[in-house]
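Participant: the sequence and its predicted three-dimensional model are supplied below.
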Amino acid sequence: MKTQLFAVLALATPLIIISRVNAGNYQDLQRLNLTRECVECDLSGVNLRGAHLIGADLRGANLSGANLEGVNLEGADLTNANLKGANLSSALLTNVNFKEANLNGANLTRAQIYDSNVYGASMDDMVITGAEIYHTGIGIGGDAADMFPDWD
């Protein structure tokens, strides 16, 4: 009986690990962790909860559906990044460049968004409940974006 249980666990464990890694590109995730640079990489669906990605270069990265809860992206460059449906709740987003990023359906509940560039970003159905937003063109009704120019 113990042998059968061990055999089942031995076969199932790699499947559990693979399913977590396949949520994005494992090599891209490794590159991000080692260098804080991952231009145009595939990190869709990855779990980066609580990660410290200060100054990360994620231009053009696919982070759709990623769990970025509580992540620190201070000074990160997310120009043209796809954050559709990403969970950025309780994230620290100070001086982040979201220029032309896709933030459609992103969850920014309780996020701290200070002095960030959202010029040309798509923000349909974004959740900003309880978010602290200062000097950033995010507001209800869409008028706030016109008050803050592009950084470039």
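Facilitator: That came through fine. Numbers count the residues shown, from 1 in each chain.
Participant: for Phe98, the count of nearby residues, please.
Facilitator: Burial of Phe98 is recorded as 29 neighbouring residues (other Cβ atoms under 10 Å). (Glycine included, C-beta is placed from N, CA and C.)
Participant: thought it was touching Asn80?
Facilitator: No - using Cβ atoms under 8 Å, Phe98 is not in contact with Asn80; the gap is 9.5 Å.
Participant: list residues touching both of those two?
Facilitator: The overlap between the contact sets of Phe98 and Asn80 (Cβ atoms under 8 Å, 6 or more residues apart in numbering) is empty.
Participant: SS state for the nearest residue to Cys38 once chain neighbours are set aside?
Facilitator: Using Cβ to Cβ, 6 or more residues apart in numbering and skipping residues adjacent in sequence, the residue nearest Cys38 is Leu32, 4.1 Å away. The local conformation at Leu32, judged by DSSP: H, G, I helix; E, B strand; the rest coil, is helix.
Participant: renumber starting at 18 from here on
Facilitator: Understood, numbering begins at 18; the last thing we discussed is Leu49.
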